[in-house]
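Engineer: Mind looking at a prediction? Sequence and model below.
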Amino acid sequence: MEQLVQELKEHLIEELNLEEITPEDIDAAAPLFGDGLGLDSIDALEIILILEKYYGVKLANSAEAKPVFYSVNSLAEYIMQNRK
Amino acid sequence: MRCYIDSVVTAQDVATDIKLLIPDAGLRRRMSRVIKSAVTTAVECVGGTEGIDALDAIITATGWGCLADSEKFLRNMIVEHEQLLNPTPFIQSTFNTVGGQIALLRHNHCYNVTYVNRSHSFEDALLDAMMRIADGESCNVLVGAFDEQTPSQHRIMERMGAFRTVADGEGAVFARLTAQRSEQSVAQVTAIDFLCQSLTVEQCRERYATRADATVVYNGYAKYGLFPTSAAYTFAEAVRLVQQGESEVVVYNEYFGAAPAVFRVQCIG
Amino acid sequence: MGIVVTGVGIVSALGVGVERNLERICRGESGISATPTLLRTANRLPVGEIAVTNEQLHSMLSIPQSEHLSRTALLGILAVREAMAGADIDYTRRVGLVSSTSVGGMDLTEHFFESFIEDDSRGRLRDVRMHDCAASTDAIARHCGINGYRTTISTACSSAANAIIAGAKLLKHNIVDYVVVGGSDALSAFTLNGFKSLMILDGEPCRPFDSSRAGLNLGEGAGYLVLQREEEACSYYCHLSGYSNRNDAHHQTASSAEGNGAYQAMAQALQMAGVEPQSVDYINAHGTGTGNNDASESAAFIRLFGDNVPPFSSTKAFTGHTLAAAGGIEAVLSVLSIVRGCRYPNLNFTTPIAEYGLHPVTAFEQAKIDSVLTNSFGFGGNCSSLLFTR
């Protein structure tokens, strides 16, 4: 799990082009959207791609997906539960 | 038609740190090279982001648009067989991205349009600005042009034989135009025209110069390289010449067989 | 000075020409097909595709195949010729063109790139010659006898509305005597995949303003008008009496929940024309069928019109969202709404969006129409509205 969280942080930094942010700067429990990392709806689409591309996990961009997108931890948990 | 020029900035003039010019990291991190270059030039031109608040029209011009983003999406689409494509380059590839991002920096709701008309894009934007000012629809207008070079674009144009006489180029130029003369005014634009036929230097002078000592900049775009909005650099050059003491500069550009366009920049007073 | 419309032309998934388009709308027949048949793509998504190949378009227009024009240019020429044939144009005077496109020659560039990325000395150069937006404008001018000032505008999905606004200004400033205005966009794998990557394409026919709406269907086509100064026109269809271009300035792709840009654009267009909100007889909405657009546009309607939102509909379930052409096609339909006295149905609507409770027009209606507002919104926050009056 810890390794997955670290890996996810690196993918987020790379794919979302987060400037001057290191994995250590990201609090895995903090919200990704709004006040946290300040991500938006376009980032949500990019995160869906990260899940599918790197972990083969499919997620629709729907209201039910909202809790999954909450933090790096919630993303990691979802991947653990759903990856093949 | 007449309007005053308060400032003209080229991408090469930008000295301020990008983080001050585009403070929103969320906007900045998605921007390609040309978008960063054009938006920073625009913000420097209006004297910092707060300067955007006073604008009542944002008019951009580009011949090629955001080529690198367009190409990135196109390449991914072909290589990945239309599967799992990142949306960001598609979103950023639209021609009005720069104009939209300038408005977004300060949530400015004003008139916002983008001309994409090859070598006339900048002059078309300038004409629109002058018409808006003449009609009293706007009194503080940002007009600018941008184009970027990419390795693919260079290779394609090389194969077309484009660089036999002129080198490749790219750039961004933004100008702030006003209806009223102020202490900040450095020059004025007093004419713009689109022609069907070529003119010689003498014919330009005869037709467009109002003073005996007018300078004619004839096809000056060539020194800035081969890109559709290089004429915007001749606009910056004309303003600089006026600031250096010239009373009037007539600029004539006939970009590789396109119909010529002419504008006249004069000193104030 | 009054600006009047003296010619109209359309090509869309409904067919070629104004009459064919109206006939099918009147019968409630959509032009959306289950999947593309001509477009080269692996995506099986509904689209508003025009069932005519580029080769057939060249023949229909009597343009030699060797000219190898982009589909955007070919569709544009078809609609512009119809618009100009209907207007009584004196070709000794200055005829201008303000055309818009967002796709440009991308259909040809896609072919080129497949070879080019394997080996950069490959790919036929004639396939990238028309890549830029102005190439289609030049081709239209060349093949339609347009001799005056011409320019090209690209502001995503609001492009054609902005071209119409620009044309009106050229007439007011006496830069042209006639101006052909509108937009053209062909379907391309680039845009289809682009909108797919944004996850806003519906796998079913789109349902604008319906609570179950799940995205848009892309379409292709062209719509152009001929505009003139009122005092110089012997006869005309109607006036272009108000217009406005505003920016939502909320997000690069999403519209604000309050519909700020949309509200300001509609309010300013009405104000310019001196028309009170309650006298608008019909609104041809932007209504793409995405969750975000239709909610934002509904919010703007309620802000401007209160409890008396005029009869409105989106015609995108007939044509698909034709991007830069949409504002042109819908402006033509708005003009015809006044001339023919009709409102168009909003197909596939059953249940209003709970928060707004707005019901669009769902059947073809005959009525006396004196004023029509039409909206075109796009990425980059661009929001433009046009008001046509009798």
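Structural biologist: That came through, no problem.
Engineer: interface residues of the stretch 151-269 of chain B facing chain C?
Structural biologist: Contact residues, the stretch 151-269 of chain B versus chain C (Cβ under 8 Å from any Cβ of the partner chain): B:152, B:155-156, B:159-160, B:194, B:196, B:228. Every residue, glycine included, has its C-beta placed from N, CA and C.
Engineer: give me phi/psi at the closest residue to chain B within chain C?
Structural biologist: Residue of chain C nearest chain B, by Cβ to the nearest Cβ: C:G380 (2.8 Å). The phi/psi pair for C:G380 (degrees, to the nearest 10) reads phi 80, psi 0.
Engineer: Which of the residues of the stretch 151-269 of chain B next to chain C are buried, as a ChimeraX select command?
Structural biologist: Per 16 or more other Cβ atoms under 10 Å in any protein chain shown, the buried members of these correspond to this ChimeraX selection:
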select /B:152,156,194,228
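Engineer: so where do the strands sit in the stretch 201-350 of chain C?
Structural biologist: Using DSSP state E, counting those that start in this stretch, the strands of the stretch 201-350 of chain C run over residues C:218-219, C:221-229, C:238-247, C:282-284, C:312-313, C:342-343.
Engineer: can you tell if the second one touches chain B?
Structural biologist: No. With Cβ under 8 Å from any Cβ as the measure, strand C:221-229 is seen stopping short of chain B, the closest distance being 15.1 Å.
Engineer: for the longest one, same thing?
Structural biologist: Yes. With Cβ under 8 Å from any Cβ as the threshold, strand C:238-247 lies in contact with chain B, specifically through C:245-247.
Engineer: ok, back up a step: return the member of the residues of the stretch 151-269 of chain B next to chain C nearest to chain A.
Structural biologist: Closest to chain A, out of all of these and judged by Cβ to the nearest Cβ, is B:S152, at 21.5 Å.
Engineer: Okay, buried residues for stretch C:297-314 please.
Structural biologist: Buried residues in stretch C:297-314 (16+ other Cβ under 10 Å): C:297-305, C:309-314.
Engineer: Residues in contact with it: which ones?
Structural biologist: C:208-209, C:255, C:257-260, C:262-263, C:266-267, C:270, C:277-278, C:280-289, C:294, C:343-346, C:353, C:355-356, C:358, C:360-362, C:365, C:373, C:375, C:377 (Cβ atoms under 8 Å, 6 or more residues apart in numbering or on different chains).
Engineer: Near the closest residue to chain B within chain A, how many other residues are there?
Structural biologist: Across chain A, the shortest distance to chain B (Cβ to the nearest Cβ) belongs to A:N17, at 4.4 Å. Residues contacting A:N17 under the criterion other Cβ atoms under 10 Å in any protein chain shown number 15.
Engineer: Would you mind listing what in the stretch 201-350 of chain C touches chain B?
Structural biologist: C:245-253, C:260-261, C:264.
Engineer: picking that back up, and which of the residues of the stretch 151-269 of chain B next to chain C is nearest B:G99?
Structural biologist: Using Cβ to Cβ, B:P228 comes nearest to B:G99 of these, at 16.6 Å.
Engineer: Make sure A:V5 is actually in contact with A:A76.
Structural biologist: Yes. Assessed by Cβ atoms under 8 Å, A:V5 is found in contact with A:A76 at 5.0 Å.
Engineer: Kindly provide the distance from the residue in the stretch 251-390 of chain C that chain A sits nearest to to B:L104.
Structural biologist: Closest residue of the stretch 251-390 of chain C to chain A, Cβ to the nearest Cβ: C:A254 (5.8 Å). Computed as Cβ to Cβ, to the nearest Å, the C:A254 to B:L104 distance reads 11 Å.
Engineer: Assign a three-state SS to residue 10, would you?
Structural biologist: You didn't pick a chain, so chain A it is. helix (DSSP: H, G, I helix; E, B strand; the rest coil).
Engineer: Chain C, not that one
Structural biologist: strand.
Engineer: My read is that it contacts C:V18, right?
Structural biologist: Yes. C:I10 sits in contact with C:V18 when judged by Cβ under 8 Å, with a separation of 5.4 Å.
Engineer: Pick out whichever of the two has more residues nearby.
Structural biologist: In this view C:I10 and C:V18 are compared by other Cβ under 10 Å, and C:I10 has more residues nearby, 31 against 23.
Engineer: Name all residues that make contact with that one.
Structural biologist: Contacts of C:I10 by Cβ under 8 Å, 6+ apart are C:17-18, C:21, C:79, C:82, C:221-223, C:329, C:332-333.
Engineer: Run a quick check on C:G380 versus C:A254, I expect a contact.
Structural biologist: No. The criterion here is Cβ under 8 Å, and C:G380 misses it with C:A254 at 11.4 Å.
Engineer: Looking at these two, which is more packed in?
Structural biologist: C:G380 (30 against 18).
Engineer: Report the separation between the residue lying closest to that one once chain neighbours are set aside and C:H131.
Structural biologist: Nearest non-adjacent residue to C:G380, counting by Cβ to Cβ, 6 or more residues apart in numbering or on different chains: B:G100, 2.8 Å away. Distance, B:G100 to C:H131, by Cβ to Cβ: 22 Å.
Engineer: Repeat that for C:S184.
Structural biologist: Taken as Cβ to Cβ, the span from C:S184 to C:H131 is 15 Å.
Engineer: which of these two has more neighbours?
Structural biologist: C:S184 (38 against 21).
Engineer: Just the element for the more buried one, please.
Structural biologist: C:S184 belongs to strand C:178-185 when assigned by DSSP states H and E.
Engineer: Tell me the helix or strand right after that strand.
Structural biologist: helix C:189-197.
Engineer: With only the CA atoms kept, save that following helix in PDB.
Structural biologist: What follows is helix C:189-197 as a C-alpha-only set of coordinates in PDB (Å, rounded to 0.1, in the frame of the first residue of the first chain):
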ATOM      1  CA  ALA C 189     -10.900  11.900 -35.900                       C
ATOM      2  CA  PHE C 190      -9.000  14.700 -34.000                       C
ATOM      3  CA  THR C 191     -12.100  16.400 -32.700                       C
ATOM      4  CA  LEU C 192     -14.100  13.200 -32.200                       C
ATOM      5  CA  ASN C 193     -11.300  11.800 -30.000                       C
ATOM      6  CA  GLY C 194     -10.700  15.100 -28.400                       C
ATOM      7  CA  PHE C 195     -14.300  15.300 -27.100                       C
ATOM      8  CA  LYS C 196     -14.200  11.700 -26.200                       C
ATOM      9  CA  SER C 197     -11.100  12.300 -24.100                       C
END
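Engineer: Doesn't C:E114 belong to a strand?
Structural biologist: No. The assignment for C:E114, made by three-state DSSP, is helix rather than a strand.
Engineer: that older thread, which residues do C:I10 and C:V18 both contact?
Structural biologist: C:82, C:332.
Engineer: So which residues on the stretch 51-200 of chain C come close to chain B?
Structural biologist: Residues of the stretch 51-200 of chain C lying close to chain B (Cβ under 8 Å from any Cβ) are C:102, C:109-110, C:113-114, C:116-117, C:120-121, C:125, C:128, C:132-134, C:137, C:147, C:149-156, C:162, C:166, C:169-170, C:172-173, C:175, C:189-190, C:193-194, C:196-198.
Engineer: Quick one, grab the pLDDT at the residue of the stretch 101-250 of chain C found nearest chain A.
Structural biologist: Closest to chain A within the stretch 101-250 of chain C is C:M199: 5.0 Å, counting by Cβ to the nearest Cβ. pLDDT, C:M199: 94.
Engineer: Please apply the same query to A:N61.
Structural biologist: 62.
Engineer: Student question: in chain B, what's the helix or strand with minimum average pLDDT?
Structural biologist: In chain B, no helix or strand scores lower on mean pLDDT, DSSP states H and E than helix B:25-28, which sits at a mean of 90.
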